[in-house]
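In: Structural data only, the sequence is not supplied:
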């Protein structure tokens, strides 16, 4: 069973930074793709960034140049460094695992999800 626990969310001002962490239990972490999604109230869940098991990385256009996804296979943890935060980044952020290792671009491609961590950016 794969379990994910996100942390690092909070309330910040526009222009500030936050670093989200996703700790993943399970033996397949190093061969899995890990993604960060976000969902704002009344909106659909959207992909923010994903890192495949071969470290191929994809970013949504809205965060490109501001967010950085990385993984530490020794600690079974994925990070999302978020810089130059904007009010439109406000959302619940979720990490998700796809054990086949491919960085899929839709939520349907991920079988395991964390409980989410809230990020609120005020102007």
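Out: Alright, I've got the coordinates. Values in this document were obtained by computation on a predicted structure and should not be read as measured data.

In: how far away is the most centrally placed residue in the chain from residue 123?
Out: Geometric centre of the chain, nearest residue: residue 36, 2.1 Å, by C-alpha atoms, centre = their mean. Applying C-beta to C-beta, to the nearest Å, the value for residue 36 to residue 123 is 23 Å. C-beta: built from backbone N, CA, C; applies to glycine.

In: In this structure, where is pLDDT below threshold?
Out: Within the chain, no stretch has pLDDT under 70.

In: so who does the nearest residue to residue 115 once chain neighbours are set aside touch?
Out: In space, and not counting its chain neighbours, residue 115 is closest to residue 6: 6.8 Å by C-beta to C-beta, 6 or more residues apart in numbering. Applying C-beta atoms under 8 Å, 6 or more residues apart in numbering to residue 6 gives the contacts 20, 21, 22, 93, 94, 95, 114, 115, 116, 117.

In: Same list, those, but as JSON lines with neighbour count, distance to residue 85 and secondary structure please.
Out: Shown next, in JSON lines, are the contacts of residue 6 (neighbours: other C-beta atoms under 10 Å; distance: C-beta to C-beta, whole Å; DSSP: H, G, I helix; E, B strand; the rest coil):
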{"residue": "20", "neighbour count": "23", "distance to residue 85": "11", "secondary structure": "strand"}
{"residue": "21", "neighbour count": "17", "distance to residue 85": "16", "secondary structure": "strand"}
{"residue": "22", "neighbour count": "26", "distance to residue 85": "18", "secondary structure": "strand"}
{"residue": "93", "neighbour count": "23", "distance to residue 85": "12", "secondary structure": "strand"}
{"residue": "94", "neighbour count": "23", "distance to residue 85": "17", "secondary structure": "strand"}
{"residue": "95", "neighbour count": "30", "distance to residue 85": "18", "secondary structure": "strand"}
{"residue": "114", "neighbour count": "20", "distance to residue 85": "20", "secondary structure": "coil"}
{"residue": "115", "neighbour count": "11", "distance to residue 85": "21", "secondary structure": "coil"}
{"residue": "116", "neighbour count": "17", "distance to residue 85": "17", "secondary structure": "coil"}
{"residue": "117", "neighbour count": "21", "distance to residue 85": "14", "secondary structure": "strand"}
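
In: Many thanks, we can stop here.
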